[in-house]
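S.K.: Structure for the following, please:
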Amino acid sequence: MAMITLHNASLPEVTILSNTFIDNYMPEANGEFVKVYIYLLRALSSAPVSFSLEQMADRLLCTERDILRALKYWAKQQLLTLDFTDNNKLCGISLLTPVAPSCPTDAVQDEISVTSEQPKDQPVVRTEALTPDRVNELKQNEDIIQLLYVAEQYLGKTLSPTEIQKMLFFYDGLGMSADLIEYLIEYCVGHNHKSIRYIEKVALAWAEEGITSVEEAKQSGSRYNKDYFSILKALGITNRNPVETEITLMDTWLRTYGFSMEVIQEACNRTVLQTGQASFQYTDKILEGWKKKDVHTIDDIHTLDTEHKKRRQDRKAASSKPAQPSNNRFNNFQQREYNFDEYEKHLLNQ
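M.R.: Numbering: from 1, shown residues only. Got it, this is the predicted structure:
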């Protein structure tokens, strides 16, 4: 009997996301991190699977540093491993099969090659998950015992296992001292943020800035506070402190989007000119649009303005062209001319 070979000429149209990932890993993860993980799964279904972090960042509308943070987070969760060259360049990603937390994670699903240079001055972060033995060892540390107690006092509740794991990660993974972690919690609670996700976001941001002491953290906070008031002034707001919702938006512009103060102030100026008032929501829409269009400098904004002006002129020129004669037979008859003065005299003389 002759053998039959079956070929599939089409690429897969679906990306499979395991229920284990959805149930055990996704709930605690940052949304941007989830987006990066799903993109990696999607990349595995295409050929070739080699790409640069720059290409990935452009595709996901974020920065290369955001991508690296996501990769290190998933490496810590043991959903992937990262390979580096001797020059400390990221050269490979190995995706691991998601399993329940109590199960070993030793099955490698597939590998992706990446070509990108890791940003200079990037802090060294331990990406491996804490082993049970390491967790027990840390919990015997007097500094950790005191830190967890202080954290519960600030947060006003008993820490969950996940929150304890995060605290230990700040200490053992990010290399933060107990004093710095204590100030981290104090800083976040002081800004009305008690979510462990927000606390982790600030901790990672401090790690990226190379902050290793409470004094450095305070200086960084003072710099951002100065930026807050500069933004308020640009919107015409004086004689008051920013409220929580405003701080959240400004943190997004400064930290997440990474805009310079010059770009943010330009967005504020345009907000006041367009709306006649201080609208954080309107400014956020402007900056969100600029982020999607990869704006980094004032020159980039001027380029967008020029392109927008040209499109408006082209549309105006197109709309001003005379309309083409209609082929409708009711419009194609000879127009008659009437002398209404003579017609009126004729009627009066009858």
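S.K.: out of everything not next to it in sequence, what's closest to Thr275?
M.R.: Beyond its immediate neighbours in the sequence, the residue positioned closest to Thr275 (Cβ to Cβ, 6 or more residues apart in numbering) is Tyr282, lying 5.5 Å away. The way it works is simple: take the backbone N, C-alpha and C, and place the C-beta from them, glycine included.
S.K.: Now do the phi/psi pair for that neighbour.
M.R.: Taking degrees, to the nearest 10, you get phi -70, psi -40 for the backbone angles of Tyr282.
S.K.: How about the contacts made by it?
M.R.: For Tyr282, the set of contacting residues under the criterion of Cβ atoms under 8 Å, 6 or more residues apart in numbering consists of 271, 274-275.
S.K.: Make a PyMOL selection of the buried ones in these.
M.R.: A single PyMOL command selects the buried members of the contacts of Tyr282 (16 or more other Cβ atoms under 10 Å):
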select buried, resi 271
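S.K.: quick one: which of the contacts of Tyr282 is nearest Tyr198?
M.R.: Nearest to Tyr198 out of these is Thr271 (Cβ to Cβ; 26.1 Å).
S.K.: so that closest one touches Leu287, yeah?
M.R.: No. Here Thr271 lies out of contact with Leu287, judged by Cβ atoms under 8 Å, at a distance of 9.8 Å.
S.K.: so who does Ala278 touch?
M.R.: With contacts defined as Cβ under 8 Å, 6+ apart, the neighbours of Ala278 are 235-237, 271-272.
S.K.: Identify the farthest-apart pair in those residues.
M.R.: Checking the contacts of Ala278 against each other with Cβ to Cβ, the farthest-apart pair comes out as Ile237 and Thr271, at 11.5 Å.
S.K.: rewinding a little: Ile298 versus the residue nearest to Thr275, what's the distance?
M.R.: 19 Å (Cβ to Cβ, to the nearest Å).
S.K.: cool, Tyr39 as well?
M.R.: Counting by Cβ to Cβ, the gap from Tyr39 to Ile298 is 31 Å.
S.K.: and those two? which has more neighbours close in?
M.R.: A side-by-side neighbour count of Tyr39 and Ile298, using other Cβ atoms under 10 Å, places Tyr39 first with 16 against 13.
S.K.: give me every residue that touches that one.
M.R.: Tyr39 neighbours (Cβ under 8 Å, 6+ apart): 56, 59-60.
S.K.: which residues in the stretch 51-200 of the chain form strands?
M.R.: Assigned strands in the stretch 51-200 of the chain, in chain order: 80-84, 90-96, 108-113 (criterion: DSSP state E, counting those that start in this stretch).
S.K.: For Ile145, give me its contacts.
M.R.: Contacts of Ile145 were listed using Cβ under 8 Å, 6+ apart, and they are Lys139.
S.K.: Return the per-residue confidence for Phe280.
M.R.: Phe280 carries a pLDDT score of 93 in this model.
S.K.: Repeat that for the one 3 residues further on.
M.R.: Reading off the confidence values, Thr283 has pLDDT 95.
S.K.: What is the burial count for it?
M.R.: When counting by other Cβ under 10 Å, one arrives at 26 neighbours for Thr283.
S.K.: Make sure it is indeed in a helix.
M.R.: Yes. With DSSP: H, G, I helix; E, B strand; the rest coil as the criterion, Thr283 is located in a helix.
S.K.: buried ones in stretch 158-171?
M.R.: When neighbours are counted by 16+ other Cβ under 10 Å, the buried residues of stretch 158-171 are found to be 159, 163-171.
S.K.: try stretch 276-288
M.R.: Neighbour counts using 16+ other Cβ under 10 Å place 278-280, 282-284, 286-287 of stretch 276-288 among the buried residues.
S.K.: and which of those residues is nearest His302?
M.R.: Ile286 (14.5 Å).
S.K.: residues contacting that closest one?
M.R.: So Ile286 contacts 267, 270-271 (Cβ under 8 Å, 6+ apart).
S.K.: okay, how far is it across stretch 289-301, tip to tip?
M.R.: Looking at stretch 289-301, the gap from its leading to its trailing residue is 11 Å under the measure Cα to Cα, to the nearest Å.
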